[in-house]
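Asks: based on what follows, work out the 3D shape:
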Amino acid sequence: MVMTIGILPVGNVDSAILLRIKDGLVKVFPETTSLIVDERLPLSEKSFDKNRRQYRSNQILATIQSYALKKGLNRILGVVDADIFVPELNFVFGEAAFPGKAALISLWRLKSEFYGSPSNIEVFAERSLKEAVHEVGHTLGLKHCPRSSCVMHFSNSIFDTDKKQSLFCDNCCILTALAINSLK
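Replies: Numbering: from 1, shown residues only. Got it, this is the predicted structure:
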């Protein structure tokens, strides 16, 4: 296998959604294995912004990057069930080292309940996979894609996430294959 993606829970994360992400990643990325790391990173209160009542994604990502280097994984995806942000935006669904070994997604705003709708595990799992693939794509050096159906399209809202697929467009698919082949 060419690439291994470790999925690292940050704070309290439902193991069922981690399994769905793990299974989905190997379907999207060719010649890849995925595993759930048998450890949990604590969600540091130092990364919590009391005024915004959100966590700084870059601080969590830095911790995940350190963990990736220590464990020697090709890629590591941190999954947190907390609201995260970067200073320029109200929130982010995720962040990644570009290119690099570490990425982070937040489940917080991917749940239907966040938007006042009934819980829907299938919608939640699909959104989670899209954001996971998107952020892992960034670690491989992929930029945002102008095609709204491509998984690498920037999601400014949950509507953007719902509109796109969990797959790469033809152009991004070629770039992904080239990036993964360069890992050999």
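Asks: once you drop chain neighbours, what's closest to the residue nearest the centre of the chain?
Replies: Most central in the chain under Cα atoms, centre = their mean is residue 132, positioned 3.2 Å from the mean C-alpha point. Closest residue in space to residue 132, ignoring its immediate chain neighbours: residue 21 at 5.0 Å, by Cβ to Cβ, 6 or more residues apart in numbering. In short, each C-beta sits where N, CA and C put it, glycine included.
Asks: how many other residues sit next to that neighbour?
Replies: With neighbours defined by other Cβ atoms under 10 Å, the count for residue 21 comes to 24.
Asks: which SS state does it fall under?
Replies: At residue 21 the chain is in helix, as set by DSSP: H, G, I helix; E, B strand; the rest coil.
Asks: isn't it right up against residue 7?
Replies: Yes. Counting by Cβ atoms under 8 Å, residue 21 does reach residue 7; the two are 6.0 Å apart.
Asks: list the residues that contact both of the two?
Replies: Listed contacts common to residue 21 and residue 7 are 34, 77, 79; contacts here mean Cβ atoms under 8 Å, 6 or more residues apart in numbering.
Asks: those in helices, which ones?
Replies: Using DSSP state H, no member of the shared contacts of residue 21 and residue 7 falls in helices.
Asks: let's see if you can find the most crowded of the residues you listed.
Replies: Neighbour max across those (other Cβ under 10 Å) = residue 77, 29 neighbours.
Asks: what's the distance between that residue and residue 174?
Replies: 22 Å (Cβ to Cβ, to the nearest Å).
Asks: what's the lowest-mean-pLDDT helix or strand in the chain packed up against?
Replies: Using mean pLDDT, DSSP states H and E, the weakest-scoring helix or strand in the chain turns out to be helix 57-71, at a mean of 90. Using 3 or more Cβ pairs under 8 Å, 6 or more residues apart in numbering; DSSP states H and E, the elements in contact with helix 57-71 are strand 3-10, strand 75-80, strand 84-85, strand 94-96, strand 102-106.
Asks: the nearest residue to residue 108 once chain neighbours are set aside: neighbouring residues, count only.
Replies: Among residues not flanking residue 108 along the chain, residue 83 sits closest, at 4.5 Å (Cβ to Cβ, 6+ apart). Residues near residue 83, counting by other Cβ under 10 Å, number 20.
Asks: can you tell me the element the residue of the chain most remote from its centre falls in?
Replies: For the chain, the residue at maximal distance from the C-alpha centroid (Cα atoms, centre = their mean) is residue 51, at 25.1 Å. Assigned by DSSP states H and E, residue 51 belongs to neither a helix nor a strand.
Asks: in terms of pLDDT, where does it sit?
Replies: What the model reports for residue 51 is a pLDDT of 96.
Asks: next one: the closest residue to residue 110 other than its chain neighbours from residue 134, what distance?
Replies: Closest residue to residue 110 apart from its sequence neighbours, by Cβ to Cβ, 6+ apart: residue 127 at 4.1 Å. Taking Cβ to Cβ as the measure, residue 127 falls 11 Å from residue 134.
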